[in-house]
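S.K.: dropping the sequence and predicted coords here.
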Amino acid sequence: MKKIVSVLAFTTYLLSASPAFAAAVDLCDESSDFGKLCGLTSGNFGKVVGGFVTLLFVIAVVVALIFLVWGGLRWIFSGGDKSAVESARNTIVAAIVGLVIVFLAYFILNLVLTFFLGTGLNELKIPTIGL
């Protein structure tokens, strides 16, 4: 019986919500943040993909740097405990390896794109088949 009453009370709460009226916004207006996406075509889709991949690389570098700082703080606060120092050192080594992998991946991706497409990651163009 308690479950039925609680379900009914929750349903009544959800149904009693008043509607909110928002102002009409033109999302394709050039001054808005979404205005650049309205003109998205196959000709400039590569730039969006290139920007997204670059953003992923930046996020990976930031995460690796956070782990590097975290490992350093763990080492400082280990208090001489050998297992804590070893764990902190492993975190620092993993963060440095992660940074090296991210930088190498970015370099190799740019090198391959330059070799095969003639452009870098920021000027990426999706290849089309000419008929």
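M.R.: Good, I have the coordinates. Numbering: from 1, shown residues only.
S.K.: which stretches of this structure have low pLDDT?
M.R.: Along the chain, segments meeting pLDDT under 70 span 14, 17-45, 122, 124-131.
S.K.: how close does the residue positioned nearest the centre of it get to residue 114?
M.R.: Nearest to the geometric centre of the chain sits residue 56, at 5.0 Å (C-alpha atoms, centre = their mean). The spacing between residue 56 and residue 114, counted by C-beta to C-beta, to the nearest Å, is 19 Å. C-beta here means a position set from N, CA and C on the backbone, and glycine is covered the same way.
S.K.: for residue 78, same thing?
M.R.: Using C-beta to C-beta, residue 78 is found at 45 Å from residue 114.
S.K.: what ranges do the helices span in the chain?
M.R.: Along the chain, counting by DSSP state H, helices occupy 2-15, 35-38, 45-76, 82-116.
S.K.: turn those helices into a markdown table, columns for distance to residue 123.
M.R.: Listed next are the helices of the chain as a markdown table, based on distance: least, C-beta to C-beta, whole Å:
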| stretch | distance to residue 123 |
| --- | --- |
| helix 2-15 | 49 |
| helix 35-38 | 16 |
| helix 45-76 | 7 |
| helix 82-116 | 9 |
